[in-house]
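>>> take this sequence and fold it.
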Amino acid sequence: MSLPPRLSVIIVSWNVRDLLRDCLRSLRPGRDTTNLEVILVDSGSADGSAAMVSAEFPWVHLVARPDNVGFPKGNNIGLALAGGQYLLLLNPDTVVLGDALPTLVNYLAQHPDVGCVGPQLRNPDGTIQSSRRRFPTLATAFFESTWLQPVAPGRLLAHYYMQDQPDDATSEVDWLTGACLLVRREVLEQVGGLDEDYFMYSEELDWCRRIKTAGWRIVYLPAAQIMHHVGKSSEQAVTARHINFQRAKLRYFRKYHGRAACLALRLFLLLSYLGQMGLESAKGLLGHKRALRRQRVTAYWQVLRSGLRPAGY
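From the prediction side, this is the model:
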């Protein structure tokens, strides 16, 4: 009778076959050093990802979905199948470097009050990728990832991005970006899985907030390192990325800051897209990169037509 795996790795993938191959190859050494299972939820890919996994990685538990179920639901499907004591959510556009997996697992094993730990993320060129965060305030929401970000008060975003903490120091955080998150099974049993109303973006913020509210610590561990290509799935659908990102932000603020905060933020975002659409139209009329301007105007108009209503409300 085989023992249950110590570590379950859950990957949700959509149309990133070649990057997924690199990711799975980087997990092979972990199978020898860590009692490891890998669950791959293919979310309706049309690039042959599922066939590639079946042919090249028979040790991977493949769940081939006919549709794009979204990142939270895909991970919840994998979590429901996972048998590990420790559960790792890993993006398909990552490469595990060195002994990152046992380093993460051993840290949780040695720190029973820590519910979630994440590695240092590296860009493909080796530079450090920002992944640590404090919980956003409403002020943060109006500046972060909006057209106002270049004029944001320096301290506001520096505090949000934890720039007061050195990159090479193990530190407690409010939340970590979701490219690689390791939690213990007790956390999943206590707080549940990801909120599926997000579809994509902010689901890890929501999950980490629930984990902290339940009394667990969340830790950034730079001794473990993962290389991460950013946004390789979402960049394939730019308009949907805008809509999903902003709807996710609005859902978070509706859920944790109330209806009034959500309404104010939603009106601001809609007016922002309206203003950007007008600016791009004017540039197009002046003959400046007209094809690009038409593309952006179309995207912004589709965002406006969506109404950016937060899912679930």
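>>> quickly find the element holding Val41.
In the assignment (DSSP states H and E), Val41 maps to strand 36-43.
>>> off-centre distance for that strand?
Distance of strand 36-43 from its chain centroid, counting by Cα atoms, centre = their mean, to the nearest Å, is 16 Å.
>>> check which helices and strands it sits against.
Contact here means 3 or more Cβ pairs under 8 Å, 6 or more residues apart in numbering; DSSP states H and E; on that basis strand 36-43 packs against strand 7-13, helix 17-33, helix 49-56, strand 61-65, helix 71-81. No exception for glycine: its C-beta is placed from N, CA and C like everyone else's.
>>> who does that strand pair with, and is each partner parallel or antiparallel?
strand 7-13 (parallel), strand 61-65 (parallel) (DSSP bridges).
>>> give me the distance between the first one and the centre of its chain.
For strand 7-13, the distance between its averaged C-alpha position and the chain's averaged C-alpha position is 13 Å (Cα atoms, centre = their mean).
>>> same check, this time on stretch 96-106
With Cα atoms, centre = their mean, you get 19 Å for stretch 96-106.
>>> try stretch 95-111
19 Å.
>>> contacts for that stretch?
With Cβ atoms under 8 Å, 6 or more residues apart in numbering as the test, stretch 95-111 has contacts from 6-7, 9, 22-23, 26-27, 30, 33-34, 36, 86, 88, 90, 114, 117-119, 122, 182, 184, 217, 219, 221, 223-227.
>>> if we can go back for a sec, would you mind checking the average pLDDT for the strand holding Val41?
Average pLDDT, strand 36-43: 95.
>>> likewise stretch 18-28?
94.
>>> what does stretch 84-96 give?
The average pLDDT within stretch 84-96 is 97.
>>> in stretch 86-101, what's buried?
86-96, 99-101 (16 or more other Cβ atoms under 10 Å).
>>> list the contacts of the closest residue to Arg185 other than its chain neighbours.
With Cβ to Cβ, 6 or more residues apart in numbering as the criterion, Arg185 has its nearest non-adjacent residue at 5.6 Å, and that residue is Gln85. Contacts for Gln85 (Cβ under 8 Å, 6+ apart) come out as Pro4, Pro5, Arg6, Leu7, Arg184, Arg185.
>>> which stretches of the protein form strands?
Remark: strands assigned in the chain by DSSP state E are 7-13, 36-43, 61-65, 86-90, 94-97, 114-122, 128-129, 132-133, 171-172, 175-176, 180-184, 217-228.
>>> of the helices and strands packed on strand 36-43, which shows the lowest average pLDDT?
helix 17-33 (a mean of 83).
>>> cool, thanks, signing off.
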